[in-house]
Structure formats: C-alpha cells, structure tokens
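Visitor: 3D model of this:
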Amino acid sequence: RGEQARPPVPDWILEGGLNRDAPPVAVHVGGCHMAGKRCKGVPRDVALRALAEGVEACGHCRPDAELGFIDG
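Guide: Numbers count the residues shown, from 1 in each chain. Here you go, the predicted model:
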C-alpha cells in the first residue's frame, strides 16, 4: 500500500542551499542518490534555466548531459 501512495520520482531535482533564501546549489537527475535532503522536483525548463544561470550540475548523475545543455 505504501508503494502505491508514494509520489513519482521527479525527472529533475534542484538542491537548495542551507536556508530557504539561499539560491540552489546543484541540479540533479531525478532519483540521484547524491542529492541532499533540501531538494525539490522541477520541470525540465526550470532545470535548464538553473544550469544557464550558473547552478552547478551534479558530477555524478550529469543532468547537463541528460538535458543536452552546452555551456556557452
């Protein structure tokens, strides 16, 4: 029953800073085990915008490669 009630894993995750006013510190692919506890699921366009604004991509799950983001 718990498995049915569990929300789906988001496609993209923004990891927040140390307080709620801090900017995000990393972008992850949904389900990345390296994501911290201060995370929220976001749509693809928000993840791309965060990368474009300089938020770090997780070096483990490589969301920048998954999203096709090229820093330029």
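
Visitor: CA atoms for contacts and neighbours, from now on please.
Guide: Will do.

Visitor: And for E53, the neighbour number?
Guide: 9 (other C-alpha atoms under 10 Å).

Visitor: roughly how far apart are it and K37?
Guide: Distance of E53 to K37, computed by C-alpha to C-alpha, to the nearest Å: 22 Å.

Visitor: Kindly report the same for E66.
Guide: Separation of E66 from K37 (C-alpha to C-alpha) stands at 22 Å.

Visitor: Who has more neighbours out of those two?
Guide: E66 (11 against 8).

Visitor: mind checking how far stretch 48-58 is from the chain centre?
Guide: Offset of stretch 48-58 from its chain centre (C-alpha atoms, centre = their mean, to the nearest Å): 9 Å.

Visitor: Buried residues in it, which are they?
Guide: Within stretch 48-58, the residues that count as buried by 16 or more other C-alpha atoms under 10 Å are 48, 50-51, 55-58.

Visitor: Which ones among those lie within strands?
Guide: Judged by DSSP state E, those include 56-57 as members of strands.

Visitor: Between the buried residues of stretch 48-58, which sits nearest P23?
Guide: V55 (8.5 Å; C-alpha to C-alpha).

Visitor: host element of the closest residue to I70 other than its chain neighbours?
Guide: Of all residues not flanking I70 in the chain, D64 sits nearest, at 7.4 Å (C-alpha to C-alpha, 6 or more residues apart in numbering). Using DSSP states H and E, D64 sits within helix 63-67.

Visitor: what's that helix packed up against?
Guide: Helix 63-67 sits against strand 26-29, helix 44-52, with contacts defined as 3 or more C-alpha pairs under 8 Å, 6 or more residues apart in numbering; DSSP states H and E.

Visitor: Same list, these, but as CSV with mean pLDDT and distance to Q4 please.
Guide: Formatted as CSV, the helices and strands packed on helix 63-67 follow (pLDDT from 0 to 100; distance: least, C-alpha to C-alpha, whole Å):
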stretch, mean pLDDT, distance to Q4
strand 26-29, 97, 22
helix 44-52, 96, 25
